[in-house]
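>>> this one's sequence-less:
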């Protein structure tokens, strides 16, 4: 088959490189979604730990007789 | 733990990918036979080489998992195979585009290189249902490792078989005598392999880091909820 003219070949070449970069961009978007989920879960866990902390510190506060800043 | 060195690796990947693209479009000469369409070669072949090496790496990590019992090697094997499937998808699509431009057909069934890559790709597509159909984590890791080793051994055997097959349709670009590429094309091709390797390793480390963070979060949640 003879070589394609530049204007026609350009579409195929652009298509091939766009495929690679589209896959990379889609992958990065999926990773971004995963990181957002991890961040949300981390915030939930931090809230859970914050809620538990005052309960655990109560005896200490009572012993010292003054609130902890 | 997995994110160690990720920042310099990401920067190196961006620099090498940019250099590779500059070499492809501004340095490598036009092919005398195929003309501008041959530029697809610089993305298609490095992607294929790196995808196949990723499958083999998945098998090597699986061997280390079975020998040591360390679950982190199973995760590394799984992520390497996962990345290779993504790269393999790009290989099949870019290959079809190149085939259409060069041969006038999207797919040629009597071409051993194309069909053998498709066979390897489909073989690894079986890995996902196999892995996720097993609920017990230890059995899942063990069975997945056995599959990764068997399939990983198939990749070089398949490659050697195709090399031995008589075909003049698919161009031979690498051989023990150096192939038939001029220096500029060879340099661009080698930088392409380096760029795709760095891209693979960077994405692999990102995925590992994300999986590790998820696992540590689950562990932390279990401990917090257990003591609540």
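Nice, thanks for sending it over. Given the structure is predicted, the values throughout are model-derived calculations rather than measurements. Numbering: from 1, shown residues only, chains lettered A, B, ... in the order given.

>>> Where does the prediction get shaky in the chain?
Reading this off chain A. A:1-4, A:6, A:54-69 (pLDDT under 70).

>>> meant chain B actually
If you take pLDDT under 70 as the line, chain B has these spans: B:165-180, B:228.

>>> Just the closest residue of it to chain A, please.
residue B:35 (3.3 Å; CB to the nearest CB). From N, CA and C alone the C-beta is placed, and that goes for glycine too.

>>> So what pairs up with that residue in the strands?
residue B:31 (DSSP bridges).

>>> Am I right that residue B:29 falls within a strand?
No - counting by DSSP: H, G, I helix; E, B strand; the rest coil, residue B:29 falls outside a strand, being coil.

>>> ok so, going back, so how far is residue A:10 from the residue of chain B closest to chain A?
Applying CB to CB, to the nearest Å, the value for residue B:35 to residue A:10 is 10 Å.

>>> Of these two, which one has the most company?
residue B:35 (18 against 14; other CB atoms under 10 Å in any protein chain shown).

>>> distance of the more buried one from residue B:80?
36 Å.

>>> Residue B:42 now?
Distance from residue B:42 to residue B:80, by CB to CB: 24 Å.

>>> so what's the residue lying closest to residue B:10 once chain neighbours are set aside up against?
Nearest residue to residue B:10 in three dimensions, chain neighbours excluded: residue B:202, at 5.5 Å (CB to CB, 6 or more residues apart in numbering or on different chains). Taking CB atoms under 8 Å, 6 or more residues apart in numbering or on different chains as the criterion, residue B:202 is in contact with B:6, B:9, B:10, B:13.

>>> Now list the buried members of those residues.
With burial judged by 16 or more other CB atoms under 10 Å in any protein chain shown, the buried subset of the contacts of residue B:202 is B:9, B:10, B:13.

>>> Now name the helix or strand holding the nearest residue to the last one once chain neighbours are set aside.
Right, residue B:13. Leaving out its chain neighbours, the residue that sits closest to residue B:13 by CB to CB, 6+ apart is residue B:198, at 4.2 Å. Secondary structure assignment for residue B:198, by DSSP states H and E: helix B:183-227.

>>> interface residues of chain A facing chain B?
A:1, A:3-4, A:6, A:9-10, A:12-13, A:15-17, A:19-20, A:23-24, A:27, A:31, A:34-35, A:38, A:41-42, A:45, A:48-49, A:52 (CB under 8 Å from any CB of the partner chain).

>>> Out of these, list just those in helices.
A:6, A:9-10, A:12-13, A:15-17, A:19-20, A:23-24, A:27, A:31, A:34-35, A:38, A:41-42, A:45, A:48-49, A:52 (DSSP state H).

>>> among those, which ones are buried?
Judged by 16+ other CB under 10 Å, buried ones among these: A:9, A:12, A:13, A:15, A:16, A:17, A:19, A:20, A:23, A:34, A:41, A:45.

>>> what sits against the first one?
Going by CB under 8 Å, 6+ apart, residue A:9 touches A:3, B:35, B:36, B:37, B:101.

>>> now do the fifth one
By CB under 8 Å, 6+ apart, the contact set of residue A:16 is B:39, B:40, B:43, B:44, B:93, B:94, B:97, B:98.

>>> same deal with the second one?
Contacts of residue A:12 were listed using CB under 8 Å, 6+ apart, and they are A:4, B:37, B:40, B:97, B:98, B:100, B:101.

>>> before we move on, the earlier item: please report how far the residue nearest to residue B:10 lies from residue B:8.
Counting by CB to CB, the gap from residue B:202 to residue B:8 is 10 Å.

>>> now swap in residue B:145 and tell me
31 Å.

>>> between those two, who's got more neighbours?
Set residue B:145 next to residue B:8 and count neighbours by other CB under 10 Å: residue B:145 wins out with 23 against 8.

>>> how about the nearest residue to the more buried one, chain neighbours excluded?
Closest to residue B:145 by CB to CB, 6+ apart is residue B:62, at 3.7 Å.

>>> next structured bit after the host helix or strand of the one you found?
Using DSSP H and E, residue B:62 maps to helix B:41-68. Downstream of helix B:41-68, the next assigned helix or strand under DSSP H and E is helix B:71-103.
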